[in-house]
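# Return atomic coordinates for the entry below.
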Amino acid sequence: MSSFNKASVRVIIGVILAALVANLSFAQAKRSAKKTAGKKTKIQRPANASSSSRSSSIGEGDFQEAMRLVRAGQYQQASARLFQLSLSPKYADRRTQLRYLLGLMLYQMKMNQLAAFQFISVVREGNSRFLGDGLEKLSLAADALGDDALLNYAIARVKSDNFPAAHRDMLFYRIGEFQLRNQQYDEAIRSFVKVPNNSTVFDKALYLKAYAHAASNNPKAAVADFDALLEVKSDASVTDPTRVAALMGKARALYQQKEWDAAIEAYREVPRDTALWHDTLFEISWAMLRSGKFRSALSQFQSLHSPYYEEAYLPESLLLRSIVYLYICQYDEMAKVLDLFNKIYRPLYKNVDVYLNSVKNPVTYFNDVVRSIRENEELGKSTKTKKAKSNLPQLVVQKVTKEGDFQRSFQYIKKLIEEKRKIMAMPASWRTSSLGKYARQTIDRRLQRARLKAGRQVRAHMISMRTELIDFFEQEGFIRYEMTNGRKEQLKKRVAGKELPKAQINEDEERDTYVQNGYQYWAFRGEYWLDEIDNFHYVGTQSCE
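Presented below is the predicted three-dimensional model:
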């Protein structure tokens, strides 16, 4: 979304208001001519007119005073007056105009939720001269809020050809997002293509375009788009979030193409001091397994399952590690991993199941997640060793807060809270006005509904987690059966006097491979050091015949 300075915004509003006032002045002049032929009628209240000189009833002078306040950029006073006039039966024929102007004032005060409701009322009126501008401002307010419902409402009614060019890139981007969430991949790609490369949302549009290609089973086009995005971000820092996301996207698309080695190289470019690096460790392990690099895969698991990531929800990684051990017939190590899986995730499943059965209020789900987030933020700042007191296990909170729908809801709630703070910081005269009371009630209602929605999302993800864990427990049973069967076959061969080979895993590589170019080899003694993460190398032997 293009940004403008305050002076530019006032110029734009001034042009809009000039046209509105011109139309009003013409209509008023016609009415005045009928009543006082040959006389001039003053249609604008003097700037120095005092409130004490006004009539107790709402009259034409009140409207003109509101227009003067609007033109003067006195948003607080103008908004209070416009809200009062919009409720007056006397101005029923101008209500759409009044609400549009009120929305403009609130938008300039950065009260996007309150402004959006005014623009919605304008749009619902249908055929009025404010419809196009109302849709534009509704789209901008919804974009600032990140409110999916408002965005969908606006996008379903707006015509891109009539949308101002200055904001058209934002519109195409949001339309593409909407289409992508509805799995309309081809339509989303066409929308993202329309975002120009000088737009502030071009990087995001190019990333989502690549994602849409991958989702529509066209990984080759996705790789090309991710490469283009990496070229755009070539001057950015190595930890730039967009650059890192492009690297991850490219690696995933290469994996989708079954180009395992190329995917591994792309994953290795993700910097370790980024939020996505932990996901990289898991995903690169899959690529290594698919390419038959068992030793390399086990080396990644050594980092992935280190104490530094003990609060990460990754049950699948333990099962995958056990499968690698199964391939190389390391049954003792396999048993240890499966026991660790049960030790972590059996109690977690029980906690999730008890919580789901005992807690029904969605707001409680949301509040418990927020409490856990705050507790962990405080623990992160504290130098003392403490334990969070949240009702939800940290593994659950860690997983839920990474979900896209919850992140959007959580950010929307934060913006509503910020808007409420702005309302409470307004002068007492504004807060106690009819508009101030309406504003507080409206934001409180929106916060309540948003928290309910976010709480339902948390519950839905927990139900999905419970179902997923049941499936993983079933897989663990099958893997353990294969382990038992493998041990039995191994024992039969030993009883028969057959010697098992002692070939190295990836036997074409010697230990000397790792002792070169300034590196030193250190045997693992059960201790983990942060600078050793991603530098482990498995050098064990395989026991299969």
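
# Would you double-check that S317 falls in a strand?
No - counting by DSSP: H, G, I helix; E, B strand; the rest coil, S317 is located in no strand; its state is helix.

# I'd like the distance from stretch 208-225 to the chain centre, please.
Offset of stretch 208-225 from its chain centre (C-alpha atoms, centre = their mean, to the nearest Å): 20 Å.

# cool, stretch 128-141 as well?
With C-alpha atoms, centre = their mean, you get 26 Å for stretch 128-141.

# Just the residues contacting that stretch, thanks.
1, 16, 96-97, 100, 103-104, 107, 112-113, 115-116, 119-120, 122-123, 125, 150-151, 153-155, 157-158, 162-164, 167, 170-171, 174 (C-beta atoms under 8 Å, 6 or more residues apart in numbering). All C-beta spots, glycine's among them, are computed from the backbone N, C-alpha and C.

# Buried ones in it, by neighbour count?
130-131, 133-141 (16 or more other C-beta atoms under 10 Å).

# now, among the residues you listed, which is nearest to I328?
S139 (57.2 Å; C-beta to C-beta).

# Out of the helices and strands in this structure, which is least certain?
helix 6-35 (a mean of 42; mean pLDDT, DSSP states H and E).

# Mind giving me the packing neighbours of the very next helix or strand once past it?
For helix 6-35, the succeeding helix or strand toward the C-terminus, using DSSP states H and E, is helix 60-71. Identification of packing neighbours for helix 60-71 by 3 or more C-beta pairs under 8 Å, 6 or more residues apart in numbering; DSSP states H and E yields helix 6-35, helix 75-86, helix 95-108.

# host element of the nearest residue to D147 once chain neighbours are set aside?
Nearest in space to D147, with sequence neighbours left out and distances taken as C-beta to C-beta, 6 or more residues apart in numbering, is Y412 at 5.6 Å. Element membership for Y412, per DSSP H and E: helix 404-424.

# what's the neighbour count on I175?
For I175, the tally of surrounding residues (other C-beta atoms under 10 Å) stands at 23.

# cool, E375 as well?
For E375, using other C-beta under 10 Å, the count is 17.

# Next, A236: secondary structure please.
A236 ends up coil, using three-state DSSP.

# hang on, I meant N217
Per three-state DSSP, N217 ends up coil.

# What separation do you get for it and A228?
The spacing between N217 and A228, counted by C-beta to C-beta, to the nearest Å, is 20 Å.

# just K488 next, same as before
54 Å.

# More neighbours: which of those two?
A228 (15 against 9).

# Alpha carbons of the helix or strand the more buried one falls within, as PDB, please.
Using DSSP H and E, A228 falls within helix 219-232. The C-alpha trace of helix 219-232 is given here as PDB (Å, rounded to 0.1, in the frame of the first residue of the first chain):
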ATOM      1  CA  PRO A 219       7.300 -26.400  -9.100                       C
ATOM      2  CA  LYS A 220       9.400 -25.400 -12.000                       C
ATOM      3  CA  ALA A 221       7.600 -22.000 -12.400                       C
ATOM      4  CA  ALA A 222       7.800 -21.700  -8.600                       C
ATOM      5  CA  VAL A 223      11.600 -22.100  -8.600                       C
ATOM      6  CA  ALA A 224      11.900 -19.400 -11.300                       C
ATOM      7  CA  ASP A 225       9.800 -17.000  -9.300                       C
ATOM      8  CA  PHE A 226      11.700 -17.700  -6.100                       C
ATOM      9  CA  ASP A 227      15.000 -17.100  -8.000                       C
ATOM     10  CA  ALA A 228      13.600 -13.800  -9.300                       C
ATOM     11  CA  LEU A 229      12.700 -12.800  -5.700                       C
ATOM     12  CA  LEU A 230      16.200 -13.700  -4.600                       C
ATOM     13  CA  GLU A 231      17.600 -11.500  -7.300                       C
ATOM     14  CA  VAL A 232      15.400  -8.600  -6.200                       C
END
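
# pLDDT of it, averaged?
In this model, helix 219-232 carries a mean pLDDT of 96.

# quick one: the helix or strand just after that helix to chain centroid distance?
Note on helix 219-232: by DSSP H and E, the next helix or strand toward the C-terminus is helix 241-256. Relative to the centre of its chain, helix 241-256 is centred 17 Å away, using C-alpha atoms, centre = their mean.

# can you check stretch 90-107 too?
On C-alpha atoms, centre = their mean, the centre of stretch 90-107 falls 33 Å from the chain's centre.

# Check stretch 264-282 too.
Centroid separation between stretch 264-282 and its chain, computed with C-alpha atoms, centre = their mean, is 20 Å.

# before we move on, what about stretch 312-323?
Using C-alpha atoms, centre = their mean, the offset of stretch 312-323 from its chain centre is 26 Å.

# in that stretch, what counts as buried?
So stretch 312-323, judged by 16+ other C-beta under 10 Å, has buried residues 312-315, 317-323.

# contact partners of that stretch?
With C-beta under 8 Å, 6+ apart as the criterion, stretch 312-323 contacts 278, 282, 285-286, 289, 297-298, 301, 304-305, 334, 337-338, 340-341, 344-345, 395-396, 398-399, 465, 468-469, 472, 475-476, 479, 483.

# Take these and, keeping just the buried ones, write it as a ChimeraX select command.
Command for ChimeraX that selects the buried part of these, burial taken from 16+ other C-beta under 10 Å:
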select :278,282,285,286,289,297,298,301,304,305,334,337,338,341,344,345,395,396,398,399,465,469,472,476,479,483
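
# For the nearest residue to R243 once chain neighbours are set aside, give its distance to T280.
Among residues not flanking R243 along the chain, K233 sits closest, at 4.2 Å (C-beta to C-beta, 6+ apart). The gap separating K233 from T280 is 18 Å, by C-beta to C-beta.

# who's more crowded, these two?
More crowded of K233 and T280, by other C-beta under 10 Å: T280, with 24 against 19.

# can you tell me which residues contact that one?
248, 251, 267, 270.

# Nearest residue to Y325 in space, please, no chain neighbours.
For Y325, the spatially nearest residue (C-beta to C-beta, 6+ apart) is M334, at 3.8 Å.

# Doesn't the one you found belong to a strand?
No - assessed with three-state DSSP, M334 is helix; it does not lie in a strand.
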